[in-house]
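**Student:** sequence and predicted structure are below.
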Amino acid sequence: MLCVLLAVGATCLCAGQTSSPTPVPAAASGTVSGTVVDQSGAVVVGARVVLALPTGNANVGAKDQSPKQEAVTGDNGEFSFANVPPGAFELAISASGFAPQTSSGILLPGEIHTVPQIALAVAENVTDVDVSLSRIEIAEAQLKDEEKQRVIGIVPNFYVTYDPHAVPLTSKQKFKLAARTVVDPFTFLVVAGTAGIEQAQNHFYEYGQGVQGYAKRFGVNYADTVNGTFIGGAILPALLKQDPRYFYKGTGSFESRFLYAISMAVVCKGDNGHWQPGYSTILGSLASGGIANLYYPAADRNSAALTFDNAAIGLASNAIGNLLQEFVIRKLTPHTTHQNTAQP
């Protein structure tokens, strides 16, 4: 049998045989994973992550018509892609309320690659974020979550959002939230109890006693509730384009959270996403006091000076309420959520 020695290597060609190239094993695929957070370090749930392989990646075969993979971050803000061909890859990250961001890297064969933590910046304009749901639909979903919030399952806790990037409410949604508050059974219970205490103390004595006197006191207290809720929580926020809700902070030092809660008595977030003076709250307190003078007994009507004094007391009460929101109430409120609305 004749063998021909080739110059390169010692390959032997035997009679009746032909040579064939030695198969090269395909490069082992790997895994790409990571975590998405916001600027404060809190995890972002429901962020959409798209992994794409650049055309220069030699391990993307011509038959692969869909080199992109998509994932959504879970409760821990993490995402993961399996069976990723080795080589260069690119990630595109988007989430409601955040500016889109990209990240890139190189995956080695068989590697379990963890990308550096991805911190998203808040979008200057929420409408710039590429999402499948409209801004109104996202706000409606968040509003439904807020309407489930009750302290110890009883006391309404509707005017607080635990999502720091909650989408602004429309004017219609602001009125809807106010209406939902004033017709809540607990609101009637508080008004009824207040009227009973005032009757026992013979407050507003011109109303007299008995059923008629109680009915008048109940009506006055309920009118105060409706005025304050609608003027400060719906009418002025709609006109001035301000958000009437308290935005829970929940992160940072005790001092920073304390100062934040106090400042929120006179500061609010505008519908444009920027912080601004809380004109809705301040003017709402003054307007409610002025309107109340129209139906209080003559002997109990407040002077202008007393109206301003009551407004200042109201702002101080709001500051105390904000401190309770920041440090106490969330722990007593089931069904709270800090998650962003997940996008498909």
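**Tutor:** Okay, I see it.

**Student:** just for the chain, where's the confidence low?
**Tutor:** The chain contains residues with pLDDT under 70 at 1-27, 55-67, 124-133, 302-303, 305-306, 335-344.

**Student:** would you tell me which helix is longest in it?
**Tutor:** Among the elements of type helix in the chain, defined by DSSP state H, the one spanning the most residues is helix 304-327.

**Student:** so which elements touch that one?
**Tutor:** helix 254-263, helix 279-292 (3 or more CB pairs under 8 Å, 6 or more residues apart in numbering; DSSP states H and E). In this view, the C-beta of every residue, glycine as well, is placed from N, C-alpha and C.

**Student:** mind putting these into CSV with mean neighbour count?
**Tutor:** Below are the helices and strands packed on helix 304-327 laid out as CSV (neighbours: other CB atoms under 10 Å):
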stretch, mean neighbour count
helix 254-263, 14
helix 279-292, 20
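
**Student:** now render those helices as JSON lines, adding distance to N76.
**Tutor:** JSON lines is the format used below for the helices and strands packed on helix 304-327 (distance: least, CB to CB, whole Å):
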{"stretch": "helix 254-263", "distance to N76": "23"}
{"stretch": "helix 279-292", "distance to N76": "36"}
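
**Student:** which of the ones you listed sits closest to D243?
**Tutor:** Using CB to CB as the criterion, the shortest distance between D243 and the helices and strands packed on helix 304-327 is 8.8 Å, found for helix 279-292.

**Student:** tilt between that closest one and helix 304-327?
**Tutor:** In terms of direction (axes from the mean of the first three to the mean of the last three CA atoms, to 10 degrees), helix 279-292 departs from helix 304-327 by 140 degrees.

**Student:** what's helix 279-292 packed up against?
**Tutor:** Going by 3+ CB pairs under 8 Å, 6+ apart, helix 279-292 lies up against helix 210-230, helix 236-240, helix 304-327.

**Student:** need the winner for burial among those.
**Tutor:** Across those, the average number of neighbours (mean count of other CB atoms under 10 Å) peaks for helix 236-240, which reaches a mean of 20.

**Student:** and that one, what other elements does it pack with?
**Tutor:** Contact analysis of helix 236-240 by 3+ CB pairs under 8 Å, 6+ apart lists helix 171-182, helix 279-292 as its packing neighbours.

**Student:** hey, C-alpha coordinates of it in PDB?
**Tutor:** Extracted C-alpha coordinates of helix 236-240, given in PDB (Å, rounded to 0.1, in the frame of the first residue of the first chain):
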ATOM      1  CA  LEU A 236     -56.100  72.900  42.100                       C
ATOM      2  CA  PRO A 237     -53.800  70.000  41.200                       C
ATOM      3  CA  ALA A 238     -55.600  69.700  37.800                       C
ATOM      4  CA  LEU A 239     -55.400  73.500  37.200                       C
ATOM      5  CA  LEU A 240     -51.800  73.800  38.300                       C
END
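
**Student:** ok, then the element right after it?
**Tutor:** Sequence order places strand 246-247 as the next helix or strand after helix 236-240, per DSSP states H and E.

**Student:** on the three-state scheme, F79 is what?
**Tutor:** Here F79 is recorded as strand under DSSP: H, G, I helix; E, B strand; the rest coil.

**Student:** wait, it sits on V49?
**Tutor:** Yes: applying CB atoms under 8 Å as the test, F79 and V49 come out as touching, 4.6 Å apart.

**Student:** list the residues that contact both of the two?
**Tutor:** Shared contacts of F79 and V49, defined by CB atoms under 8 Å, 6 or more residues apart in numbering, comprise G34, V36, A71, V72, T73.

**Student:** surely the fourth one meets A47?
**Tutor:** Yes: contact between V72 and A47 holds when scored by CB under 8 Å: they sit 6.9 Å apart.

**Student:** SS state for the residue positioned nearest the centre of the chain?
**Tutor:** In the chain, the C-alpha nearest the mean C-alpha coordinate belongs to D163, at 2.4 Å (CA atoms, centre = their mean). Following three-state DSSP, we place D163 in the coil state.

**Student:** correct me, but K249 touches Y260?
**Tutor:** Yes: with contact defined as CB under 8 Å, K249 reaches Y260; the gap is 5.0 Å.

**Student:** common neighbours of these two, please.
**Tutor:** E326.

**Student:** just give the nearest non-adjacent residue to I118, would you?
**Tutor:** In space, and not counting its chain neighbours, I118 is closest to V36: 4.9 Å by CB to CB, 6 or more residues apart in numbering.

**Student:** what about that neighbour, distance to Q276?
**Tutor:** Distance from V36 to Q276, counting by CB to CB, to the nearest Å: 29 Å.

**Student:** between the two, which one's more packed in?
**Tutor:** More crowded of V36 and Q276, by other CB atoms under 10 Å: V36, with 26 against 14.
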